[in-house]
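>>> Show me the folded form of this:
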Amino acid sequence: MMGEFSVYQYFANDDYEEVLRFVDGRTAVETAKRLTTSIGGLLGTTKRVIITDDGDCCCFEWLHDRGVVFPPPSGTVRTCRVCGCTDADCSGCIARTGEACHWVEADRCSACPP
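Model prediction:
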């Protein structure tokens, strides 16, 4: 991994904190692992951990009740839960917004509201 990454952790009360900002990939992954295997991650006070890249796109997501949900396992096609676009076809987003979308969550593209 090259570039700069940031790590965020989200809590049960919907608050979140920026744990690290603009670090190398190895440090970001090691920190995410530490957060997901900590007491908070195991008990569920930490509900979500994400790593974002220097373009603020989500490149890793862990959820307490599901484990790692992004990136998906090999062979899995991501589908946006709002508009239905996929890794292979974002033509609907291009028609709506004039530009290609990208993934901001494991199952939501940048063209769709949360």
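
>>> The host helix or strand of residue 26 - contacts with which helices or strands?
In this structure, residue 26 sits in helix 25-36 according to DSSP states H and E. Packing partners of helix 25-36 (3 or more Cβ pairs under 8 Å, 6 or more residues apart in numbering; DSSP states H and E): strand 5-11, strand 16-23, strand 46-52, strand 58-63. (C-beta placed from N, C-alpha, C; glycine too.)

>>> Adding mean pLDDT and distance to residue 84, write those strands out as TSV.
Shown next, in TSV, are these (pLDDT from 0 to 100; distance: least, Cβ to Cβ, whole Å):
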stretch	mean pLDDT	distance to residue 84
strand 5-11	97	26
strand 16-23	96	28
strand 46-52	96	23
strand 58-63	92	19
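
>>> in the helix holding residue 26, what's buried?
25, 28-29, 31-32, 35-36 (16 or more other Cβ atoms under 10 Å).

>>> which residues touch that helix?
Helix 25-36 is contacted from outside by 1-3, 5-7, 9, 19-20, 23, 41, 46, 49, 51, 60, 62, using Cβ atoms under 8 Å, 6 or more residues apart in numbering.

>>> low-confidence ranges in this protein?
Across the chain, the ranges flagged by pLDDT under 70 are 1-2.

>>> which residue of it sits farthest from its center?
residue 95 (24.8 Å; Cα atoms, centre = their mean).

>>> Which secondary structure element is home to it?
Assigned by DSSP H and E, residue 95 falls in helix 91-97.
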